[in-house]
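# How does the following fold in three dimensions:
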Amino acid sequence: MGTLRIHFTADDLARVTLADQPDPLWEVVFTRFRLRDRVRPLTFRPWFAALHAEPARTARMRPGALLLDALAPAGPYFPDFLTPHEAARGLGHGLEALRRTPGRRLATELGRLARHRPLPGWARPLAEGDTGALAALADALRDYHAAAVAPFQESIDAAFAADRDSRVRDVLGGGVEALLAGLGPPIRWTPPVLEVDYVVDQDLALGGRGLRLVPSYFCQRTPLSMADPGLPPVLIYPIQQRHRWRPAARRAGAAGLSALMGASRSAALRALDHGATTTQLARMLGVSPATASRHATVLREAGLIETRRDGTAVLHTRTPLGTALLEGEIVASPPPRPRQT
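Numbers count the residues shown, from 1 in each chain. Have a look, this model is predicted:
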């Protein structure tokens, strides 16, 4: 185990950003890593079970899985072109960027990978920049994503939003340095350096470019960054609080939640995916600011949201308890009906 040391300047601290959605190609790579794990965490077992319950899904994954096994093996390196920064805008943007990867970059990155392990014969056209090989890779990764990631996107998004809300609270409470200090056990903020438990020893000087932080559902234990320090700086880190996939419980919990606390307050809790001011919450619910404020007060007193002042406004964000209740981790069942005699 090594350490990644990310060196910040004052300009870099002003340019730290949080991703606003999961990165689909990083999640694709991490799912393949998880499928190779010898010990499978309890959190991921419903996902494993769902993948293997449908033979058609497994068949759709297979071409992409075989490509990933060769191009993103266990070890200290896999090529950066598999996770282009354009994927931050969505899967389509990421795959289009992958298709346009310059031949020189492909030769360099695959040559570096070949120093760690031999590449199969089919990788030669890819290393030579063959457009057909790139298109086939992109198509296989699209199918893999459709089978291994997309069916579970709702749960991934919920965990991502909960983590992001937590980071927003850190920034509001203590600024960017509080955000960096609270990213989790593998990451330590020792100003002006962010130290990260890593697969190799590496230094990354941001040089005023800032750093984009991306929470990942399928990242486990060790955060990752780009191998090439010249690429846009990014740190992919594991979401600390994941929610298990419980579709039935989620549906039952949604109905129970409305019955328990009322449709309006249930809607208010759901509306706070990314935090909102009282005015924004009122607009989303179609109610007056005074009514939105009363809903927020009840939710806050129940421990389901937190409220912090942001200048002249107040920002409401869900707490982990609120998210767990909403996502079915805690099933809110309505009171039982009296038995008929």
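# Low-confidence regions, the stretch 201-341 of the chain specifically.
Scanning the stretch 201-341 of the chain for pLDDT under 70 picks out 241-260, 274, 310-311, 327-341.
# again, 90 this time
220-221, 240-289, 301-304, 307-315, 317-341 (pLDDT under 90).
# Look at the residue nearest to residue 326 when sequence neighbours are not counted and say how many residues are nearby.
Closest residue to residue 326 apart from its sequence neighbours, by CB to CB, 6 or more residues apart in numbering: residue 269 at 5.9 Å. No exception for glycine: its C-beta is placed from N, CA and C like everyone else's. Residue 269 is flanked by 23 other residues according to other CB atoms under 10 Å.
# ok, now residue 234?
For residue 234, using other CB under 10 Å, the count is 19.
# who does it bridge with?
Counting by DSSP bridges, residue 234 is bridged to residue 212.
# wait, doesn't it sit right on residue 209?
No: using CB atoms under 8 Å, residue 234 is not in contact with residue 209, being 10.3 Å away.
# Grab the most central residue of the protein for me.
Centrality entry for the chain: nearest residue to the mean C-alpha point is residue 216, 3.0 Å, by CA atoms, centre = their mean.
# so what's that one up against?
22, 23, 26, 27, 30, 236, 237, 238, 239 (CB atoms under 8 Å, 6 or more residues apart in numbering).
# same deal with residue 211?
6, 8, 12, 15, 16, 17, 194, 233, 234, 235.
# What of residue 86?
93, 94, 96, 97.
# repeat that for 7 Å
Applying CB atoms under 7 Å, 6 or more residues apart in numbering, we find residue 86 in contact with 93, 94, 97.
# And the helices in the stretch 101-250 of the chain?
Applying DSSP state H, counting those that start in this stretch to the stretch 101-250 of the chain gives helices spanning 103-116, 123-127, 131-148, 153-181, 247-261.
# Nearest to residue 202 among those would be which one?
helix 103-116 (13.8 Å; CB to CB).
# hmm, who's touching the closest one?
Against helix 103-116 from outside (CB under 7 Å, 6+ apart): 75-81, 119, 123, 126-129.
# Distance to residue 180 and neighbour count added to the contacts of residue 216, as JSON lines?
As requested, the contacts of residue 216 are exported to JSON lines (distance: CB to CB, whole Å; neighbours: other CB atoms under 10 Å):
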{"residue": "22", "distance to residue 180": "21", "neighbour count": "23"}
{"residue": "23", "distance to residue 180": "19", "neighbour count": "26"}
{"residue": "26", "distance to residue 180": "20", "neighbour count": "23"}
{"residue": "27", "distance to residue 180": "23", "neighbour count": "27"}
{"residue": "30", "distance to residue 180": "22", "neighbour count": "22"}
{"residue": "236", "distance to residue 180": "15", "neighbour count": "23"}
{"residue": "237", "distance to residue 180": "11", "neighbour count": "20"}
{"residue": "238", "distance to residue 180": "16", "neighbour count": "22"}
{"residue": "239", "distance to residue 180": "16", "neighbour count": "22"}
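# and of the residues you listed, the nearest to residue 179?
Of all the contacts of residue 216, residue 179 sits closest to residue 237, with 11.4 Å by CB to CB.
# pretty sure that closest one contacts residue 224?
No: assessed by CB atoms under 7 Å, residue 237 is found out of contact with residue 224, at 8.4 Å.
# show me the contacts for the residue lying closest to residue 197 once chain neighbours are set aside.
Distances taken as CB to CB, 6+ apart place residue 186 nearest to residue 197, at 4.1 Å, with adjacent residues excluded. Contacts for residue 186 (CB under 7 Å, 6+ apart) come out as 196, 197, 221, 222, 223.
# How about the first one: what's its closest non-neighbour residue?
This points to residue 196. Excluding the flanking residues, the one nearest residue 196 by CB to CB, 6+ apart is residue 4, at 4.1 Å.
# report the angle between the axes of whichever helix or strand the one you found is part of and helix 153-181?
Element membership for residue 4, per DSSP states H and E: strand 2-7. Here strand 2-7 runs at an angle of 70 degrees relative to helix 153-181 (axes from the mean of the first three to the mean of the last three CA atoms, to 10 degrees).
# isn't residue 298 right next to residue 264, touching?
No: in this structure, residue 298 is not within contact of residue 264 by CB under 7 Å, at 9.9 Å.
# Report how many residues lie close to residue 143.
Residue 143 has 17 nearby residues by other CB under 10 Å.
# same question, residue 132
Residue 132: 9 neighbours (other CB under 10 Å).
# Just give me the neighbour total for the closest residue to it other than its chain neighbours.
Of all residues not flanking residue 132 in the chain, residue 125 sits nearest, at 7.3 Å (CB to CB, 6+ apart). Around residue 125 there are 15 other residues, counting by other CB under 10 Å.
# With residue 128 instead?
Residue 128, neighbours per other CB under 10 Å, totals 12.
# For the nearest residue to it once chain neighbours are set aside, give its distance to residue 304.
Closest residue in space to residue 128, ignoring its immediate chain neighbours: residue 103 at 6.6 Å, by CB to CB, 6+ apart. Shown here: residue 103 relative to residue 304, a distance of 53 Å by CB to CB, to the nearest Å.
# Those two: which is more packed in?
Taking other CB under 10 Å, residue 103 and residue 304 do not tie; residue 304 has more neighbours (23 against 14).
# which ones are touching the more buried one?
With CB under 7 Å, 6+ apart, residue 304 has these contacts: 269, 318, 319, 321, 322, 325.
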